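>>> A structural model of the following input is requested.
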Amino acid sequence: MPSLAQYAGQAVVFAVVAAATGYLAANPIWREIPADMAQIKLSLVHGAVRVEDCRRLTYEEITRLPPSERRANTCKRERIAIQVELSVDGTMIYAETLQPGGLSRDGPAQAYRKFVVPAGVHHIVARLRDSKRNEGYDYEKAEDVMLAPGRNLAVDFKTDAGGFLFR
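Predicted coordinates:
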């Protein structure tokens, strides 16, 4: 049967472990970015148009197909690459050609990048081209944002929401 001294020793050990855990939970102070900086996070997952447009099948072509595979249109799966640009105060910080994912190059292109910038007011421009055009952009958004020290700005892309979102 444990004695009173053993219970007291166990209580001291638990108190020391709890105090050490409490200290290490608050110290040393760790910052992901310097105190006078802010962070911009670009995140997008987007599928561009197909390399070849869909073609309507003729009645003869449809009847030659097995009954379980009959469809009105035929489409190649492969998608084109998308062009993405992000600039802050007129300086290009990201310009990339993103290839579609998947084994057949039919999945969405993806990007996730973090950029550390000085805190303050910045003019941010985001552009994306997901069509077969050679010049210009299909989606573009420019906005002046106030970035407080230690804060994050998420630059997200959602087609159904109209393009780029700054949050």
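
>>> so what's the residue positioned nearest the centre of the chain bridging to?
Centroid-nearest residue in the chain: residue 43, 2.0 Å away (criterion: CA atoms, centre = their mean). Taking DSSP bridges as the rule, residue 43 bridges to residue 112, residue 156.

>>> so where do the helices sit in this structure?
Assigned by DSSP state H, the helices in the chain fall at 4-26, 59-64.

>>> so which of the ones you listed is nearest residue 119?
Evaluated with CB to CB, the helices of the chain place helix 4-26 nearest to residue 119, the distance being 24.2 Å. Just so you know, the C-beta spots here come from the backbone N, C-alpha and C atoms, and that holds for glycine as well.

>>> nearest spatial neighbour of residue 32, skipping sequence neighbours?
residue 39 (7.5 Å; CB to CB, 6 or more residues apart in numbering).

>>> tell me which of the helices of the chain sits nearest to residue 115.
Of all the helices of the chain, helix 4-26 comes closest under CB to CB, at 29.1 Å.

>>> distance from that closest one to the middle of the chain?
Centre-to-centre, helix 4-26 and its host chain are 43 Å apart (CA atoms, centre = their mean, to the nearest Å).

>>> so for it, what gets flagged as buried?
If you call a residue buried by 16 or more other CB atoms under 10 Å, then helix 4-26 has no buried ones at all.

>>> elements contacting the lowest-mean-pLDDT helix or strand in the chain?
Lowest by mean pLDDT, DSSP states H and E among the helices and strands of the chain is strand 73-74, with a mean of 88. Under the contact criterion of 3 or more CB pairs under 8 Å, 6 or more residues apart in numbering; DSSP states H and E, strand 73-74 touches strand 55-56.
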